[in-house]
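Undergrad: Sequence and predicted structure, then a few things I'm wondering about:
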Amino acid sequence: MDLLTLMPLASLMVISFAIAYGLWKLKKWAWALSFSLSVFGIVSGLAVSFMVGFTESILFQNVPRLLIDLLVVFLLLTKDVRRAFRI
């Protein structure tokens with residue numbers, strides 16, 4: 001792997017770690033960022049599915065991502081989680 005391939009992966013790893021750390025420490029910015037990224041994932045996943053069509057490969061790629069994003073949004077909006085993050 002060359003440097004151009006590793007830089008985006010390393011950046012994504014650092015951002016993911018920062019969000020995970022913020023969630024662990026119950027930071028409001030981490031909650032907001034996680035919620036925003038999950039909603040963006042749902043919207044973009046549905047948009048891709050509708051634009052490309054519901055082929056078998058698209059369903060196998062997008063449905064698990066959509067379900068995980070929906071689960072994250074659901075969990076972030078529960079009463080106990082919102083209370084823990086003081087939102």
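TA: Structure received. In this text the structure is predicted, and so the values were computed from the model without any measurement.
Undergrad: use CA for all of it now, contacts and neighbours both
TA: OK.
Undergrad: residue closest to the middle of this protein?
TA: Ser38 (3.8 Å; Cα atoms, centre = their mean).
Undergrad: Would you mind giving the secondary structure of Arg86?
TA: coil (DSSP: H, G, I helix; E, B strand; the rest coil).
Undergrad: Distance check, the residue nearest to the centre of the chain against Ala32.
TA: Ser38 sits 10 Å away from Ala32, taking Cα to Cα, to the nearest Å as the criterion.
Undergrad: Which secondary structure element is home to the residue nearest to the centre of the chain?
TA: Element membership for Ser38, per DSSP states H and E: helix 28-52.
Undergrad: Please name the nearest non-neighbouring residue to the residue nearest to the centre of the chain.
TA: Spatial nearest neighbour of Ser38, chain neighbours left out: Asp69 (4.9 Å); criterion: Cα to Cα, 6 or more residues apart in numbering.
Undergrad: just checking, that neighbour touches Val39?
TA: Yes - Asp69 is within contact range of Val39, at 7.1 Å (criterion: Cα atoms under 8 Å).
Undergrad: who's more crowded, the two?
TA: Asp69 (22 against 17; other Cα atoms under 10 Å).
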